[in-house]
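*Asks:* Sequence plus predicted model, see below.
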Amino acid sequence: MRLLQVINALQSAGAEVLLKDITLGLAHRGFETVVYLLRSTGAPLEHALAAAGIRLYRSAISSVRSPRQGVALARHLRAHRYDVIHAHLFPAQLWVALAARLAAIATPLVTTEHSSHNRRRRILLKRLDGWMYRRYTDVACVSQAVADSLGSWIPEIRPRLSVIPDGIDVDRFATAKPSDQNQLLAIDGPIVMMVGRLDPEKDQATLLRALRHLDGAHGVLVGDGSKRSELEQLAARVGIADRTHFLGSRDDVERLLKRAVIYVQSSHWEGFGIAALEAMASGVPVVASRIPGLMDVVNSAGVLFEPGNAEELAQHLRALLADPARRAELAKRGRACAEQFRIERTVERYGALYRETCGVKTNPGSPAAR
């Protein structure tokens, strides 16, 4: 079976890592996959796919939002035959739907919905969203929360929705050696860590406001984004600049997590709590905001707090820092929870979805809970 995976770019984020994992995982199961990028950034994920022998096509159009992307992709679809075309993220989802229409092809279209929130959830754009999603034979959602959200927004596509939870390489995080980075080794105090883009929806500000109530605890933020300067200023304003460490984007997260005493995910929303899951696989107790995408993953394996409530977060952190036995119990629960989300299971379910979409018989119960 020949697949085309289409995505905006390949920066190291959840949707992009999932594409990489699906592509490499299915290569060992007899699937041939081609990846089409609306924008090439030369990111590590691009190099990883190329090194594995995956064919990458890179659009020559500079803007991922230009309608010319749809026209260029249509030309590609006329010139190449695929059994299934799989789109990730907007606007790639839109351009795939448009390109398939322009190319007049009957190839089944699949998309993965990665988030329960987006800026298109406005009445003026609802017709566009409805047209786009109706072009897809199957819409795989990374969590039940995402499926519920999308189904409420566009009720007519509910029969096309399935839930295929994201997965991670559990062994990579479980067996990693602690980072020997000097910046971490020099920290004299317990490390409270968060991994994710420094963007508004991740709300690292709540973590920083909580840390000012915890004498001696250090905050380590892994990731970069539009809010970095603002967060640095906030750390200085609340008096914890000397206890806040910005590490930027990293490709050794599994080793960094081994230095954390507690992991925090203070997001306003998440489609699926992949970073929290990685922390659990690493044996780090997790404290997360009480939102659907995180509750689906963390549940009783961690501690939940109201989104944006720095005082409640500080109370939980203070209690955990003072209770090693409780931390050990949460770490044990987290590791057990992470085992349920092995990437191998996710890859198998996508393989089953592709075969089902093409009318190939699959095992009963595959690929997902519909």
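*Replies:* Cool, got the structure. Numbering: from 1, shown residues only.

*Asks:* Where does the prediction get shaky in the stretch 101-250 of the chain?
*Replies:* 118-121 (pLDDT under 70).

*Asks:* got the residue ranges for the strands in it?
*Replies:* Ranges of strands within the stretch 101-250 of the chain are 109-113, 138-141, 161-163, 191-195, 218-222, 244-248, based on DSSP state E, counting those that start in this stretch.

*Asks:* Generate JSON lines for those strands, with mean neighbour count and distance to residue 294 as supplementary columns.
*Replies:* Where C-beta positions appear, they are placed from N, C-alpha and C, glycine not excepted. Written out in JSON lines, the entries for the strands of the stretch 101-250 of the chain read as follows (neighbours: other Cβ atoms under 10 Å; distance: least, Cβ to Cβ, whole Å):
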{"stretch": "strand 109-113", "mean neighbour count": "25", "distance to residue 294": "17"}
{"stretch": "strand 138-141", "mean neighbour count": "24", "distance to residue 294": "15"}
{"stretch": "strand 161-163", "mean neighbour count": "20", "distance to residue 294": "16"}
{"stretch": "strand 191-195", "mean neighbour count": "25", "distance to residue 294": "12"}
{"stretch": "strand 218-222", "mean neighbour count": "22", "distance to residue 294": "17"}
{"stretch": "strand 244-248", "mean neighbour count": "17", "distance to residue 294": "22"}
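
*Asks:* want to throw the ones you listed into a markdown table with distance to residue 21?
*Replies:* Listed next are the strands of the stretch 101-250 of the chain as a markdown table, based on distance: least, Cβ to Cβ, whole Å:
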| stretch | distance to residue 21 |
| --- | --- |
| strand 109-113 | 12 |
| strand 138-141 | 14 |
| strand 161-163 | 17 |
| strand 191-195 | 17 |
| strand 218-222 | 20 |
| strand 244-248 | 23 |
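
*Asks:* Nearest to residue 300, out of those strands?
*Replies:* When the strands of the stretch 101-250 of the chain are compared for distance to residue 300 using Cβ to Cβ, the nearest one is strand 161-163, at 20.0 Å.

*Asks:* just checking, what packs against the closest one?
*Replies:* Identification of packing neighbours for strand 161-163 by 3 or more Cβ pairs under 8 Å, 6 or more residues apart in numbering; DSSP states H and E yields strand 138-141, helix 144-153.

*Asks:* winner for burial among those?
*Replies:* Across the helices and strands packed on strand 161-163, the average number of neighbours (mean count of other Cβ atoms under 10 Å) peaks for strand 138-141, which reaches a mean of 24.

*Asks:* who touches that strand?
*Replies:* Residues from elsewhere that reach strand 138-141, judged by Cβ atoms under 8 Å, 6 or more residues apart in numbering: 108, 110-113, 133, 147, 150, 157, 160-164, 271, 350, 353, 356-357, 368.

*Asks:* Over to stretch 95-111?
*Replies:* Under the criterion Cβ under 8 Å, 6+ apart, residues 6, 38, 67, 69-71, 73-78, 82-88, 93, 131-133, 135-140, 353-354, 357-358 lie in contact with stretch 95-111.

*Asks:* Which of those residues are buried? Put it as a PyMOL command.
*Replies:* Selection command for PyMOL covering only the buried members of the contacts of stretch 95-111, criterion 16 or more other Cβ atoms under 10 Å:
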select buried, resi 6+38+69+70+73+74+76+77+82+83+84+85+86+87+88+93+132+133+135+136+137+138+139+140+353+354+357
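
*Asks:* Out of the contacts of stretch 95-111, list just those in strands.
*Replies:* 6, 84-88, 138-140 (DSSP state E).

*Asks:* got those as JSON lines, with distance to residue 277 columns?
*Replies:* As requested, the ones in strands among the contacts of stretch 95-111 are arranged in JSON lines below (distance: Cβ to Cβ, whole Å):
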{"residue": "6", "distance to residue 277": "25"}
{"residue": "84", "distance to residue 277": "27"}
{"residue": "85", "distance to residue 277": "28"}
{"residue": "86", "distance to residue 277": "22"}
{"residue": "87", "distance to residue 277": "24"}
{"residue": "88", "distance to residue 277": "19"}
{"residue": "138", "distance to residue 277": "24"}
{"residue": "139", "distance to residue 277": "22"}
{"residue": "140", "distance to residue 277": "18"}
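
*Asks:* thinking again about what came up before, closest one to residue 299 among the strands of the stretch 101-250 of the chain?
*Replies:* Closest approach to residue 299 among the strands of the stretch 101-250 of the chain (Cβ to Cβ): strand 161-163, 15.6 Å.

*Asks:* All the helices of the stretch 151-300 of the chain, residue numbers only.
*Replies:* Using DSSP state H, counting those that start in this stretch, the helices found in the stretch 151-300 of the chain span residues 170-174, 182-185, 204-211, 228-237, 253-257, 274-281, 292-295.

*Asks:* What are the phi and psi values at the closest residue to residue 261 other than its chain neighbours?
*Replies:* In space, residue 261 comes closest to residue 190 once its chain neighbours are excluded; the distance is 4.1 Å by Cβ to Cβ, 6 or more residues apart in numbering. For residue 190, the backbone dihedrals are phi -70, psi 140 (criterion: degrees, to the nearest 10).

*Asks:* Turn the helices and strands packed on strand 161-163 into CSV, including distance to residue 10.
*Replies:* Putting the helices and strands packed on strand 161-163 into CSV (distance: least, Cβ to Cβ, whole Å) gives the following:
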stretch, distance to residue 10
strand 138-141, 19
helix 144-153, 21
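
*Asks:* Out of those, which gets nearest to residue 295?
*Replies:* Taking Cβ to Cβ as the criterion, helix 144-153 is the member of the helices and strands packed on strand 161-163 that comes nearest to residue 295, at 7.6 Å.

*Asks:* roughly how far is the closest one from the heart of the chain?
*Replies:* For helix 144-153, the distance from its own C-alpha centre to the chain's C-alpha centre is 17 Å (Cα atoms, centre = their mean, to the nearest Å).
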